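Asks: need a structure here:
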Amino acid sequence: MHSIGDRVLEHIRQVCPTTRQRDIAADIGMPPDAFSRALNGKRAFSSIELARLADLLDADIHWLITGQPDPHRLVVAARHDFNHLTGRRSVPERDADGLVLRDIALAYRQAYSEPQHGPALPESVDGAGADGVRVALGEDFVRPFADRLESRFGVDVVRIADLSTAYSFTIGGRHVIALSATGNWFWENWSMAHELGHLVWGHHDQGSSAAERDQREAAANAFAAELLLPRESLAVIDWDRYEAAGLADLVWRWGVSTDALARRLHALNGYVPDVVREWAGQPTQRLLRRHRAPNSGKDEITLRMDAAAQRRFPLTLQEAHLKGIEAGTLGKGTLAWMLGIDPDALDVDIPAVPEVTIDDLARALDL
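Replies: The predicted structure follows:
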């Protein structure tokens, strides 16, 4: 696509293929014939017309004009709520979450003025294949999941209480997963796996239709299921021999909820073993606290809950802000926000500002 008109037409076909061109023209304040000529390259779009089009179509105006994606545009994928009765997916708090996501994006833009390129993400083998990803994450990755994502894939993990669900996006070449700090560690594990699926599959291009978004959600969920609950691992288990204590050990090791395990087994086998069905409708914490004996004298369940409730920003991002503050190119407000503290309480090395007299200012202004 070599012209702006070509790109506008392509985006219309993607996001609203049944909408008439005359209706789009009316929405952006253009006569239908002028809109048609602009699409065919016989007339240029004005800047205000392009801005209105980008807003109406939720398009990247930088891409409409240049044909290249804006490296600073924030395009996100989210873990949707799924209603098993209606079959519908939704993100009820998307607008409020958008404000928090913009704050997170600002922290990255301030820290990295130039695009950053981390390690390439591993490719998935097929529609739900996550074997290569699991191998790259290493043994027992579920407990240090966020740390493994950062160290092995260069995927940053942010955890903050102000979000309602999990999101992923790429900004300035950096992959980011943002999570709600809930204390629910098995929800967090599935969310990280789900959003990693979106990143691996490149689900962050703009202009996708509602049907495509639903397909991508299903693909990301299948990726998470195969990553956390591999088909082969489940197939070799003799579920008839398992009682509550054995189930509790499995759930703890895999880092998933009893409900997620039940749904996965039903999807694979068409039935749910008795011991899993018994506990699937109950809180996972109840199973663990009643039937799992800790390996140490510590309350390991509460420790996991506490870790999943802690505000978290990558150390590399914090260090980049510290360097900017020390160099005098950044204020300390954003770093204080990341840490969840008052800026006045943040003790960092701030360069001294030289005093400027009125005479110095007058000379500088040639007065």
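Asks: quick one, strands of the chain?
Replies: Secondary structure of the chain (DSSP state E): strands at 76-78, 81-82, 89-90, 155-160, 167-171, 174-180.
Asks: can you give the contact residues for the fourth one?
Replies: Translated: strand 155-160. The contact list for strand 155-160, computed with CB atoms under 8 Å, 6 or more residues apart in numbering, reads 100, 104, 118, 121, 146, 149-150, 174-181, 188, 192, 196, 199, 308, 310-314, 316-317. For every residue, glycine as well, the C-beta is placed using N, CA and C.
Asks: picking that back up, between the strands of the chain, which one is closest to Thr258.
Replies: If you check each of the strands of the chain against Thr258 by CB to CB, strand 81-82 wins as the nearest, at 17.3 Å.
Asks: pull out the buried residues from the contacts of strand 155-160.
Replies: 100, 104, 121, 146, 149-150, 174-181, 188, 192, 196, 199, 308, 312-314, 317 (16 or more other CB atoms under 10 Å).
Asks: tally up the residues packed near the spatially closest residue to Ala224 that is not a sequence neighbour, please.
Replies: Closest residue to Ala224 apart from its sequence neighbours, by CB to CB, 6 or more residues apart in numbering: Ala193 at 3.6 Å. Residues lying near Ala193 (other CB atoms under 10 Å) number 30.
Asks: so what's Ala193 up against?
Replies: 223-224, 227-228.
Asks: redo these as a markdown table? Include pLDDT.
Replies: A markdown table is the format used below for these (pLDDT from 0 to 100):
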| residue | pLDDT |
| --- | --- |
| Phe223 | 94 |
| Ala224 | 95 |
| Leu227 | 96 |
| Leu228 | 97 |
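Asks: keep only those of those residues that are in helices.
Replies: If you go by DSSP state H, those have 223-224, 227-228 in helices.
Asks: would you show me how to pick out the buried ones of those in PyMOL?
Replies: In PyMOL, this line selects whichever of these come out buried by 16+ other CB under 10 Å:
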select buried, resi 223+224+227+228
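Asks: go through the ones in helices among the contacts of Ala193 and say which is closest to Gly340.
Replies: Using CB to CB, Ala224 comes nearest to Gly340 of the ones in helices among the contacts of Ala193, at 28.4 Å.
Asks: just the helices in the stretch 101-250 of the chain please.
Replies: Listed in chain order, the helices of the stretch 101-250 of the chain (DSSP state H, counting those that start in this stretch) span 131-137, 145-148, 185-201, 210-228, 231-235, 244-254.
Asks: got the buried residues for the fourth one?
Replies: Spelled out, that is helix 210-228. Applying 16+ other CB under 10 Å to helix 210-228 flags 214, 216-217, 219-228 as buried.
Asks: the shortest one now?
Replies: Within helix 145-148, the residues scored as buried using 16+ other CB under 10 Å are 145-146, 148.
Asks: so the most centrally placed residue in the chain bridges to which residues?
Replies: The centroid of the chain falls nearest to Ser168 when counting by CA atoms, centre = their mean (1.4 Å). With DSSP bridges as the criterion, Ser168 is bridged to Ala77, Ile177.
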